[in-house]
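In: Pasting the sequence and the predicted coordinates here, then a few questions.
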Number of protein chains: 2
Amino acid sequence: MKKLRFAVVAVDAACFRIVAGDLHVLLGRVNVEPHYKNRWGLIGGLILSSENADVAVERHLRNKAGIGRVYKEQLYTFSSIGRDPRGRVISVAYLCLAPEALTESVGDVETRWCSVRDIPALAYDHDEILNSALERLRSRIGYTNIIQRLLPKEFTLTDLQTTYEIVLHKKLDKRNFRKKVLETKLVVTTDKKERKGASRPAILHKFSSRTVVNIEIL
Amino acid sequence: MKKLRFAVVAVDAACFRIVAGDLHVLLGRVNVEPHYKNRWGLIGGLILSSENADVAVERHLRNKAGIGRVYKEQLYTFSSIGRDPRGRVISVAYLCLAPEALTESVGDVETRWCSVRDIPALAYDHDEILNSALERLRSRIGYTNIIQRLLPKEFTLTDLQTTYEIVLHKKLDKRNFRKKVLETKLVVTTDKKERKGASRPAILHKFSSRTVVNIEIL
DNA sequence: ACAAAAGTGTTTTTCTTACACCCATGC
DNA sequence: GCATGGGTGTAAGAAAAACACTTTTGT
């Protein structure tokens, strides 16, 4: 192999989760003097030569934020010259989804879940990455079953509708929503019910397939 | 900046073009002994530290295949460990579109345009890249105006329809096609006509915007 | 006058949207 | 028995699909 030029390759994860009825994103503390003092940014880090980008995302989320088993899909690769003030870093960005009831432990980095409606100015080009990720998420829940990764395995149709409404930030019609969701066959009933307070118990539903499926538009 | 691990970062272009009523892709000769003898692959190459990925794609298409001014959009980043037998190479893949009447000069690599229905086994993971690119192209012509980059600036509606049919590999209804295309307002008439053989001349049309537009689905 | 491709509307069917009441339970 | 959220159908409007003939030109 002839002389080759090398670059630093990283991954960055825009990891979303429903917290208290609002869409939140996982941020980590960034302290890169003299460029960024005490800022926030997405969780990310370098790709090792022994792993591919998907594995690198998992590792960094686990080590830095203490979370594992999130859903992830590649978003876009950011390669502007000046995106990292310390040097040339190309970053493969990911969209990640974590369930509301996430089991979290501590990691190497100070982290927090931040409402997407209240994001501070982020380090690097992470604002741009986050915006693409949000746009992609909102578009993809319309024609795939990925929203299941924001929910527990079993959920009521009201929970599902509420999750759509939180992500899309708009109200949906209950009857039309149920009709559409059920006729895709991606969501099926279980024989369990959820009792919650003084009201009729709701039938629990689940997704029929855990793998990502594109809804046919024929 | 602390010790960092480095990888080689490349770009690969799946560059499409209409040739003789069929969708073709640009291939370049690959001779990487002992791994690939006299194979074909996509056009690509390394990213320099002075350029971003978009610029690298342009440079390699110009230098290796002698073509410039193609439309390009990022597709996906391929990072499997073994995708290049010579060593660790991460590749940012691009979908590119070239007009039928392309001005081409010779480049450093032997190239050919090959019908997508007759692709040989390609080097590296270029089969996989090509398949993603084709899928993306077919899906994106449905909700953007990118198909204009496969056509000359001015074209008849029949040309436009034929181009859709070639890419999608299925027949469309003439009246419904025209109705739909014209009501998006993305395509407008010019005051020119094209005379071609013994038949009624067709009005030439053009796209109202050269920049990529997503068609609203409200 | 005829061959060849361009151009043009209407009907049917399908999908989307809007909308209001009864049901099962806990207290 | 009443408050709470769960569950259900229909009608009107919009969008998509199917379909065939007339127009303009060159020869």
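Out: Arrived safely.
In: Tell me where chain A has strands.
Out: All strands of chain A, identified by DSSP state E, fall at A:8-19, A:22-32, A:36-41, A:43-46, A:71-78, A:89-97, A:111-115, A:187-194, A:202-207.
In: Same list (these) but as CSV, adding mean pLDDT and mean neighbour count.
Out: (Glycine included, C-beta is placed from N, CA and C.) Below are those laid out as CSV (pLDDT from 0 to 100; neighbours: other Cβ atoms under 10 Å in any protein chain shown):
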stretch, mean pLDDT, mean neighbour count
strand A:8-19, 97, 25
strand A:22-32, 97, 20
strand A:36-41, 97, 16
strand A:43-46, 97, 22
strand A:71-78, 98, 20
strand A:89-97, 98, 25
strand A:111-115, 98, 16
strand A:187-194, 95, 12
strand A:202-207, 98, 18
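In: Tell me which of those strands sits nearest to DNA strand C.
Out: DNA strand C sits nearest to strand A:187-194 of all the strands of chain A, at 7.1 Å, using Cβ to the nearest atom of the strand.
In: partner strands of the closest one, parallel or antiparallel?
Out: Using DSSP bridges, strand A:187-194 pairs in its sheet with strand A:202-207 (antiparallel).
In: any residue of the lengthiest helix in chain A up close to chain B?
Out: Longest helix in chain A by number of residues (criterion: DSSP state H): helix A:126-140. No - with Cβ under 8 Å from any Cβ of the partner chain as the criterion, chain B is not reached by helix A:126-140; the gap is at least 9.5 Å.
In: any idea of the mean pLDDT for that helix?
Out: For helix A:126-140, mean pLDDT is 98.
In: follow-up on the earlier one: who wins for proximity to DNA strand D among the strands of chain A?
Out: strand A:202-207 (3.4 Å).
In: ok, and what's touching stretch A:24-34?
Out: Contact with stretch A:24-34 is made by A:13-18, A:36-43, A:61, A:64-65, A:67, A:85-86, A:96, A:98, A:109-116, A:119, A:122-124, A:130, A:133, as judged by Cβ atoms under 8 Å, 6 or more residues apart in numbering or on different chains.
In: again, 6 Å this time
Out: With contacts defined as Cβ atoms under 6 Å, 6 or more residues apart in numbering or on different chains, stretch A:24-34 is touched by A:15-17, A:36, A:39-41, A:43, A:109-116, A:123.
In: Please state the offset of that stretch from the chain centre?
Out: Offset of stretch A:24-34 from its chain centre (Cα atoms, centre = their mean, to the nearest Å): 17 Å.
In: One more: stretch A:108-125?
Out: Centre-to-centre, stretch A:108-125 and its host chain are 13 Å apart (Cα atoms, centre = their mean).
In: In it, which residues are buried?
Out: Neighbour counts over stretch A:108-125 (16 or more other Cβ atoms under 10 Å in any protein chain shown) mark A:109, A:111, A:113-114, A:116, A:119, A:122-125 as buried.
In: For residue A:14, give its distance to chain B.
Out: 16 Å (Cβ to the nearest Cβ, to the nearest Å).
In: CA atoms only: put stretch A:46-53 into PDB for me.
Out: Below are the C-alpha coordinates for stretch A:46-53, written out as PDB (Å, rounded to 0.1, in the frame of the first residue of the first chain):
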ATOM      1  CA  LEU A  46     -12.800   8.100  18.200                       C
ATOM      2  CA  ILE A  47     -13.200   4.900  16.200                       C
ATOM      3  CA  LEU A  48     -10.700   2.300  17.100                       C
ATOM      4  CA  SER A  49      -9.000   0.300  14.300                       C
ATOM      5  CA  SER A  50     -10.600  -2.900  15.700                       C
ATOM      6  CA  GLU A  51     -14.200  -1.700  15.500                       C
ATOM      7  CA  ASN A  52     -16.600  -0.300  12.900                       C
ATOM      8  CA  ALA A  53     -18.600   2.900  13.500                       C
END
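In: distance between that stretch and the chain's centre?
Out: Chain-centre distance of stretch A:46-53: 20 Å, with Cα atoms, centre = their mean.
In: is chain B contacted by it?
Out: Yes - counting by Cβ under 6 Å from any Cβ of the partner chain, contacts between stretch A:46-53 and chain B involve A:46, A:48-49, A:52-53.
In: Give me the buried subset of the residues you listed.
Out: Neighbour-count burial within the residues of stretch A:46-53 next to chain B applies to A:46, A:52-53; the criterion is 16+ other Cβ under 10 Å.
In: What is the nearest of the residues of stretch A:46-53 next to chain B to DNA strand C?
Out: Ranked by distance to DNA strand C (Cβ to the nearest atom of the strand), the residues of stretch A:46-53 next to chain B are led by residue A:53 at 34.9 Å.
In: check contacts around the closest residue to the closest one other than its chain neighbours.
Out: Nearest non-adjacent residue to residue A:53, counting by Cβ to Cβ, 6 or more residues apart in numbering or on different chains: residue B:79, 4.2 Å away. Contacts for residue B:79 (Cβ under 6 Å, 6+ apart) come out as A:52-53, B:90.
In: switch to 10 Å and redo it
Out: The neighbourhood of residue B:79, defined by Cβ atoms under 10 Å, 6 or more residues apart in numbering or on different chains, consists of A:9, A:11, A:47, A:51-56, A:74, A:77, A:92, B:7, B:9, B:88-92.
In: And for residue A:150?
Out: A:16-18, A:23, A:71, A:97-100, A:137, A:141, A:160, A:163-164, A:166-167.
In: returning to that earlier point: please identify the buried residues of the longest helix of chain A?
Out: A:126, A:129-130, A:132-134, A:136-137, A:140.
In: Pick out whichever of these sits closest to DNA strand D.
Out: residue A:140 (20.0 Å).
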